[in-house]
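# Structure for the following, please:
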Amino acid sequence: MPLYMVIERFRNADAAPVYARFRARGRLAPEGLTSIASWVDEGLSTCWQVMETADRALLDEWIANWSDFVDFEVVPVVTSKEAAERVG
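Okay, the predicted model is just below:
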């Protein structure tokens, strides 16, 4: 299953509206998009999240639900194990 590192930069370095929506409405991820793990910097301005989906369009749908508060960068990634297998 394809993995994506999603880098979320909260607009104006303000996490409050993001977490308020999350508490009120949840992750807003469509069926078929799974959050594997996430980390937020101590300043609460950036989140790094690994997402998994077979359909890249689902990731775009999820991003649209948050794009009023967050700027996104999406990087397709593989696990370290898969990278080692590819290298040889």
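# ranges for the strands of this structure?
3-10, 34-40, 46-52, 70-77 (DSSP state E).
# do you know how far Glu85 is from Ile36?
In this structure, Glu85 and Ile36 are 19 Å apart, going by CB to CB, to the nearest Å. From N, CA and C alone the C-beta is placed, and that goes for glycine too.
# do the same with Val75
14 Å.
# Quick check: which of the strands of the chain is nearest to Arg21?
Among the strands of the chain, the nearest to Arg21 by CB to CB is strand 70-77 (10.0 Å).
# Just the C-alpha atoms of that closest one, please, in PDB.
Only the C-alpha atoms of strand 70-77 are listed here, as PDB (Å, rounded to 0.1, in the frame of the first residue of the first chain):
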ATOM      1  CA  VAL A  70      -3.100  24.300   6.700                       C
ATOM      2  CA  ASP A  71      -0.600  24.400   3.800                       C
ATOM      3  CA  PHE A  72       0.400  20.900   2.700                       C
ATOM      4  CA  GLU A  73       3.400  19.200   1.200                       C
ATOM      5  CA  VAL A  74       3.000  15.600   0.200                       C
ATOM      6  CA  VAL A  75       6.000  13.300  -0.400                       C
ATOM      7  CA  PRO A  76       5.500   9.600  -1.500                       C
ATOM      8  CA  VAL A  77       7.700   7.500   0.700                       C
END
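# Thank you kindly, that will do.
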